[in-house]
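**Q** This is the structure alone, sequence omitted:
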Ligand SMILES: Cc1ncc(C[n+]2csc(CCOP(=O)(O)OP(=O)(O)O)c2C)c(N)n1
């Protein structure tokens, strides 16, 4: 990877982290309402996957999608304004946090329903196959979405019709407060793809370069006409499920209670992986730190340069907040115009 590319990755990861932290602050101030699902810890997945895509590929994302939209190139101001419910937002202030949308950049949502992304991706993939275009669809989903009927129906159909879809599981190991081994009989998501003869790989989702290379490889296969692929990215979210969730189901006290019992040391070590303390999380594999170190090691960047990049990202996020604050509220007429039946000749895609 060359210097420009490495720095672009680092910029987007820093932007994603800072943007989300600022969202939490704005939520506490009351500028953002409703549900707000933040992404810190998972940045390597969005950055690695989306940087491997062409601009002609489609992205279909979940409700934890702000960083996907940013990496795709949706301006930070438009994303923030959408979260504020403002008219200059990318969904004109009528979608909010979980329904970001930007058809020009082929960013096809933002979906609040768990398991909703698959059928949308299948539809887009079918359209591409019908026209025989060299395009692909990225279909993001969480580990909590793999037991929905749509997962199986869509994988079956994608395989049967050789649709150009890359299914990307962001396996952060929790569906709200339920760990994957408590809701899935087969917790290795990538193994499920075998039931539909879909090639699949599990990748370290905390390492942006590994995610990038695995995505590049999968997309090459898809463009060569071999049908869908599945990528399972093992990652971890550093915050609760949403702003309404303090994450008490991962109680440090539970770990500490076990730690005091000598004979259980082995079990304890395993449990502490499942229920990490805030200190363990802070010391754990942070994808951002890994990439920063890579840039230092390769001579792409030095400490001063990193500080400048941090400042640049900070300024971008502040400008986004200012843009959102100054943007007007949507009007009743905007709502009327947004109705599908009133769109007239406007072509969305
Ligand atoms: C069909 C449906 N059922 C339940 C919910 C409530 N719900 C919201 S998020 C969530 C957990 C999903 O977890 P996962 O897919 O792993 O995504 P993550 O939040 O970890 O990114 C659930 C059950 C929903 N939105 N849609």
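**A** Yep, it's here. What you see is a predicted model; the values in this text were computed from it and never measured.
**Q** List the buried residues for stretch 170-183?
**A** Under the neighbour-count criterion of 16 or more other C-beta atoms under 10 Å, stretch 170-183 has 170, 171, 172, 173, 174, 175, 179, 180 buried. Backbone N, C-alpha and C define where each C-beta goes, glycine included.
**Q** Would you tell me whether it gets close to the ligand?
**A** Yes: for stretch 170-183 and the ligand, the contact criterion (C-beta under 6 Å from any ligand atom) is met by 170, 172, 174, 175, 176.
**Q** Adding pLDDT as columns, could you present the buried residues of stretch 170-183 in TSV?
**A** Output for the buried residues of stretch 170-183, formatted as TSV (pLDDT from 0 to 100):
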residue	pLDDT
170	98
171	96
172	92
173	90
174	91
175	96
179	91
180	94
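**Q** tell me the SS of residue 219?
**A** For residue 219, the secondary-structure state derived from DSSP: H, G, I helix; E, B strand; the rest coil is helix.
**Q** which residue packs closest to it, ignoring adjacent ones?
**A** Spatial nearest neighbour of residue 219, chain neighbours left out: residue 136 (5.7 Å); criterion: C-beta to C-beta, 6 or more residues apart in numbering.
**Q** Closest one of the residues of stretch 170-183 next to the ligand to the ligand?
**A** residue 175 (3.6 Å; C-beta to the nearest ligand atom).
**Q** my guess is that closest one meets residue 183, correct?
**A** Yes: counting by C-beta atoms under 8 Å, residue 183 is a contact partner of residue 175 at 5.8 Å.
**Q** Now for the two: what residues contact both?
**A** Jointly contacting residue 175 and residue 183 under the rule C-beta atoms under 8 Å, 6 or more residues apart in numbering are residue 144.
**Q** Can you say which helix or strand has residue 240 in it?
**A** Under DSSP states H and E, no helix or strand contains residue 240.
**Q** Start the count at 40 instead of 1 going forward.
**A** All set: I'll call the first residue 40, so the last point we hit is now residue 279.
**Q** burial measure for it, as a count.
**A** Close neighbours of residue 279, defined as other C-beta atoms under 10 Å, add up to 18.
**Q** For it, what are phi and psi?
**A** Per-residue torsions, residue 279: phi -70, psi 180 (degrees, to the nearest 10).
**Q** Also residue 88?
**A** Here is the backbone geometry of residue 88 (degrees, to the nearest 10): phi -70, psi -50.
**Q** Name the nearest residue to it, sequence neighbours excluded.
**A** Per C-beta to C-beta, 6+ apart, closest to residue 88 is residue 254, 4.8 Å.
**Q** Pretty sure the one you found sits against residue 86.
**A** No: using C-beta under 8 Å as the test, residue 254 is too far from residue 86 to be in contact (10.4 Å).
**Q** Show me which of the two is the more surrounded one.
**A** Comparing residue 254 with residue 86 by other C-beta under 10 Å, the one with more neighbours is residue 86, at 28 against 25.
**Q** wait, the more buried one sits on residue 54?
**A** No: counting by C-beta under 8 Å, residue 86 does not reach residue 54; the two are 9.5 Å apart.
**Q** picking up where we left off before, which pair in the residues of stretch 209-222 next to the ligand spans the largest distance?
**A** 209 and 215 (14.3 Å; C-beta to C-beta).
**Q** Please name the residues that touch residue 348.
**A** Contact analysis of residue 348 by C-beta under 8 Å, 6+ apart lists 46, 49, 50, 53, 340.
**Q** Mind telling me what element the third one is part of?
**A** According to DSSP H and E, residue 50 maps onto helix 42-68.
**Q** can that helix be found next to the ligand?
**A** No: in terms of C-beta under 6 Å from any ligand atom, no part of helix 42-68 sits within range of the ligand; the closest distance is 13.0 Å.
**Q** Which residue ranges of the stretch 190-339 of the chain form strands?
**A** 204-210, 213-214, 217-218, 239-243, 268-273 (DSSP state E, counting those that start in this stretch).
**Q** so of those, which one's packed in deepest?
**A** Mean neighbour count (mean count of other C-beta atoms under 10 Å) peaks for strand 204-210 among the strands of the stretch 190-339 of the chain, with a mean of 28.
**Q** Show me what that one packs onto, helices and strands only.
**A** For strand 204-210, the packing partners by 3 or more C-beta pairs under 8 Å, 6 or more residues apart in numbering; DSSP states H and E come out as helix 82-90, helix 156-170, strand 176-181, helix 188-199, helix 228-231, helix 247-262, strand 268-273.
**Q** got JSON lines for these, with distance to residue 368 and mean pLDDT too?
**A** Shown next, in JSON lines, are those (distance: least, C-beta to C-beta, whole Å; pLDDT from 0 to 100):
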{"stretch": "helix 82-90", "distance to residue 368": "29", "mean pLDDT": "96"}
{"stretch": "helix 156-170", "distance to residue 368": "29", "mean pLDDT": "98"}
{"stretch": "strand 176-181", "distance to residue 368": "30", "mean pLDDT": "98"}
{"stretch": "helix 188-199", "distance to residue 368": "35", "mean pLDDT": "98"}
{"stretch": "helix 228-231", "distance to residue 368": "41", "mean pLDDT": "98"}
{"stretch": "helix 247-262", "distance to residue 368": "38", "mean pLDDT": "96"}
{"stretch": "strand 268-273", "distance to residue 368": "38", "mean pLDDT": "97"}
